[in-house]
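K.L.:
Fold the following, please.
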Amino acid sequence: MTIVKEEAIKLINRLPDHATWDDIMYEFYVKKKLAIALEAAKEGRMVSHEEVKKRFLTK
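P.N.:
Next up is the predicted model:
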């Protein structure tokens, strides 16, 4: 079994029995977005909070 499939099964098993398809899809969406963000941070592809404030406050 692949790591992704194992993670998906774990995620689904953590949800309550009354979880809907939308609940499952939302959890997958959040997990994917967090994985992308963590990878970007690891590679240094991010902007500091201070830089974001500076960029938006000067416009």
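
K.L.:
Could you use CA atoms for every contact and neighbour count after this?
P.N.:
OK.

K.L.:
which secondary structure element contains residue 28?
P.N.:
Assignment of secondary structure by DSSP states H and E places residue 28 within helix 21-42.

K.L.:
same question, residue 47
P.N.:
Using DSSP H and E, no helix or strand contains residue 47.

K.L.:
I'd like the distance between it and residue 20.
P.N.:
Distance of residue 47 to residue 20, given as C-alpha to C-alpha, to the nearest Å: 36 Å.

K.L.:
and the helix or strand that the helix holding residue 28 is followed by, what's its mean pLDDT?
P.N.:
Tracing the chain past helix 21-42, the next element assigned as helix or strand by DSSP H and E is helix 49-57. For helix 49-57, mean pLDDT is 92.

K.L.:
which helices and strands does helix 49-57 pack with?
P.N.:
The criterion is 3 or more C-alpha pairs under 8 Å, 6 or more residues apart in numbering; DSSP states H and E, and there are no helices or strands that helix 49-57 contacts.

K.L.:
mind saving the C-alpha coords of that helix as PDB?
P.N.:
Extracted in PDB, the C-alpha atoms of helix 49-57 (Å, rounded to 0.1, in the frame of the first residue of the first chain):
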ATOM      1  CA  HIS A  49       4.700  38.200   7.900                       C
ATOM      2  CA  GLU A  50       6.500  41.500   8.100                       C
ATOM      3  CA  GLU A  51       7.200  41.500   4.300                       C
ATOM      4  CA  VAL A  52       3.500  40.800   3.600                       C
ATOM      5  CA  LYS A  53       2.500  43.700   5.800                       C
ATOM      6  CA  LYS A  54       5.000  46.000   4.200                       C
ATOM      7  CA  ARG A  55       3.800  45.100   0.700                       C
ATOM      8  CA  PHE A  56       0.100  45.600   1.400                       C
ATOM      9  CA  LEU A  57       0.500  48.700   3.600                       C
END
